[in-house]
Every structure is written in structure tokens, then in C-alpha cells.
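Chemist: Below is the sequence, then the predicted model.
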Amino acid sequence: MANQECLRGFVDFLPSMAERLGTSGLLEELYRGFYHLVDPQRGMITLESLMQNARKLGIGELGEEQAVGMLRMGDLNGDGALDHNEFCMLMLRLNSETI
């Protein structure tokens, strides 16, 4: 639950963003969010990039335990990082859990 609360600042805006921007606009915003968190050398969100860049999305300071939990929650292929699709699915899943 703490992991969910860390993302709540961003996730809380998804319904209003979807209503205002439509599906393609929402996906574009998620794409931007992904690239605020991504490790530019790996092209994925890693533990280090998530902890370092979380503040850019209004998530604030993340502890390592919280960041690891978030990565585990979204990491579908088990590589320890989030690609763009995994990130988008995690954001949408967390949004559906908060409604």
C-alpha cells in the first residue's frame, strides 16, 4: 500500500487527464512520465533512476524499499526494470485500484 501512495500524486491525475486529453493524449502523457524516470543509458526505469528522478513527477523522495516495491509491482518480465509498456500498465493498474 505504501508503494501505491508514493505514486498517488501522479495517478490521481490520470482520470482527469484521460477525460481532458482522450486516450492518445493520456498515452502521450504517460510516455513523458516514463522518460522523466528513465535511465538514459538503459532506456528503462531502473532502481537508481527511479529513486533519483521520482521528484520530477511529484512523487517525492523514495526510499530504496519503496522503489524496489514499485519496480516489483510493475516488472512483468523479471528483468528488474520497467520498460515503457510495463510503466504504462502499472500506472493504469494503480489508477484502477484507487477508483
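Modeler: Structure's in. What do you need?

Chemist: Counting residues, which helix of this protein comes out longest?
Modeler: helix 14-37 (DSSP state H).

Chemist: Which strands or helices does the following helix or strand past that one pack on?
Modeler: Per DSSP states H and E, the first helix or strand lying C-terminal to helix 14-37 is helix 47-53. For helix 47-53, the packing partners by 3 or more CB pairs under 8 Å, 6 or more residues apart in numbering; DSSP states H and E come out as helix 14-37, helix 64-74. Bear in mind the C-beta positions are built from the backbone N, C-alpha and C, glycine included.

Chemist: which of the ones you listed sits most buried?
Modeler: Of the helices and strands packed on helix 47-53, the one with the most neighbours on average (mean count of other CB atoms under 10 Å) is helix 64-74, at a mean of 17.

Chemist: Now do that helix, average pLDDT.
Modeler: Averaging the model's pLDDT scores along helix 64-74 yields 91.

Chemist: what do you get for stretch 47-56?
Modeler: On average, stretch 47-56 scores 87.

Chemist: what's the distance between that stretch and the middle of its chain?
Modeler: The chain centre lies 10 Å from the centre of stretch 47-56; the measure is CA atoms, centre = their mean, to the nearest Å.

Chemist: Dump that stretch to PDB, keeping only the CA atoms.
Modeler: Output in PDB follows, covering the C-alpha atoms of stretch 47-56 (Å, rounded to 0.1, in the frame of the first residue of the first chain):
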ATOM      1  CA  LEU A  47      16.100   1.300  -9.300                       C
ATOM      2  CA  GLU A  48      18.600   4.100  -9.400                       C
ATOM      3  CA  SER A  49      16.800   6.200 -12.000                       C
ATOM      4  CA  LEU A  50      13.500   5.800 -10.100                       C
ATOM      5  CA  MET A  51      15.000   6.900  -6.800                       C
ATOM      6  CA  GLN A  52      16.900   9.800  -8.400                       C
ATOM      7  CA  ASN A  53      14.100  11.100 -10.700                       C
ATOM      8  CA  ALA A  54      11.000  10.500  -8.600                       C
ATOM      9  CA  ARG A  55      10.800  14.100  -7.500                       C
ATOM     10  CA  LYS A  56      10.300  15.200 -11.200                       C
END
